[in-house]
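Student: this one's sequence-less:
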């Protein structure tokens, strides 16, 4: 029997560092023929572009497939399975498939899809890697105050006080074969230990946790877990098990803004920080056209934390543009955010 092609699912909440981890994985892949399936909650195809801009010969355009028709766990039959089938039917099929879910995806329905007849005999889930933002846990972003919730429910038992961020986070961790606690450089020792305890409580089973900063984990650690996760679904509990894995993302929304040329990226970052502070924004990411610069400028923000860097040269014939995706809780004031940033929706 031919060896099954291993697939690794990389999941984690918005801004946890999944794409950075994938870039480091590519650098340490040792010539292994990889294919990538990238899913995003947003309109720009940002993560695919960052991987394409890695500057390595292993980042061939035909090996990077973007699924932009919604959350990958909700479009398994329509988008994901045909994509994987097309990859493994190629004359030169990949030696390993890397799947990056959107930051709001539940990984369990995706893992379950590998039991479908189209792929079961030919592909196996080598492992589910969940990337966790240590600084976000330290900020309490995924935690619910039990006392406050109890008081609210006592005052109004008809109101649903579930925390959608906490549910997504817990589902992603509970499905993991390996947890990467990322951005540990942004927290002190006490916060790091608290983050590890929070992750361990969400795990509920014997899964290893490794710590890193900037997603610097090599392929030797991430690949070759041989978990066959599709055969181990019962151990991967989910808040949505009673619903057959079905869920929606009505608690969140995203939209894109066009900014025009940005002469002063530092000044823009200050406006972005101020705008995030005034609105319920979870994540900002995009590309900037800085006049007189040959390279494209990347901007990424998680909460009030931002990073910027130049990734690759603008290509001949490519339209230089500045555009960002804003992701946050439902009900964002798009007009006010666009006005604050001098942008157009």
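Tutor: Arrived safely, thanks for sending. Because the structure is a prediction, the values reported are computed rather than measured.
Student: Report the secondary structure element holding residue 87.
Tutor: For residue 87, the element it lies in under DSSP states H and E is helix 81-88.
Student: which other residues reach that helix?
Tutor: Contacts of helix 81-88 from elsewhere in the structure, counted by Cβ atoms under 8 Å, 6 or more residues apart in numbering, are 5, 7, 35, 37, 65, 67, 93-94, 97, 113, 116, 118-119, 122-123. No exception for glycine: its C-beta is placed from N, CA and C like everyone else's.
Student: Try it again at 6 Å.
Tutor: For helix 81-88, the surrounding residues in contact (Cβ atoms under 6 Å, 6 or more residues apart in numbering) are 5, 35, 37, 65, 118, 119, 122.
Student: Then stretch 8-19?
Tutor: Counting by Cβ under 6 Å, 6+ apart, the neighbours of stretch 8-19 from elsewhere in the structure are 47, 50, 98-101, 103, 107, 126-133, 169, 172, 182, 215, 282-283, 302, 327.
Student: tell me the mean pLDDT for that stretch?
Tutor: pLDDT averaged over stretch 8-19 equals 90, rounded to a whole number.
Student: what does stretch 172-188 give?
Tutor: Along stretch 172-188, the predicted confidence averages to a pLDDT of 93.
Student: Residues touching it, excluding its own?
Tutor: Applying Cβ under 6 Å, 6+ apart, the set of residues contacting stretch 172-188 from outside is 11, 16-17, 107-108, 127-135, 138, 192, 199, 202-203, 207-213, 215, 217, 225, 227, 236-237.
Student: Name only those of those that count as buried.
Tutor: For those, burial is judged from neighbour counts taken by 16 or more other Cβ atoms under 10 Å, and it is met by 11, 16-17, 107-108, 127-135, 138, 192, 199, 202-203, 207, 209, 211-212, 215, 217, 225, 227, 236-237.
Student: export the contacts of helix 81-88 to JSON lines and tack on neighbour count and pLDDT?
Tutor: Output for the contacts of helix 81-88, formatted as JSON lines (neighbours: other Cβ atoms under 10 Å; pLDDT from 0 to 100):
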{"residue": "5", "neighbour count": "19", "pLDDT": "95"}
{"residue": "35", "neighbour count": "25", "pLDDT": "89"}
{"residue": "37", "neighbour count": "24", "pLDDT": "88"}
{"residue": "65", "neighbour count": "20", "pLDDT": "77"}
{"residue": "118", "neighbour count": "15", "pLDDT": "80"}
{"residue": "119", "neighbour count": "21", "pLDDT": "89"}
{"residue": "122", "neighbour count": "16", "pLDDT": "93"}
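Student: Residue 284 against residue 299, yeah?
Tutor: No. With contact defined as Cβ atoms under 6 Å, residue 284 and residue 299 do not form a contacting pair (7.2 Å).
Student: more crowded one of those two?
Tutor: residue 284 (27 against 21; other Cβ atoms under 10 Å).
Student: Give me the nearest residue to that one, chain neighbours excluded.
Tutor: Spatial nearest neighbour of residue 284, chain neighbours left out: residue 301 (4.0 Å); criterion: Cβ to Cβ, 6 or more residues apart in numbering.
Student: contacting residues for residue 32?
Tutor: Residue 32 neighbours (Cβ under 6 Å, 6+ apart): 95, 96.
Student: how much space between it and residue 16?
Tutor: Distance, residue 32 to residue 16, using Cβ to Cβ, to the nearest Å: 24 Å.
Student: Just the ones of the contacts of stretch 8-19 in strands?
Tutor: In this view, the contacts of stretch 8-19 that belong to strands under DSSP state E are 98-100, 126-133, 182, 282-283, 302, 327.
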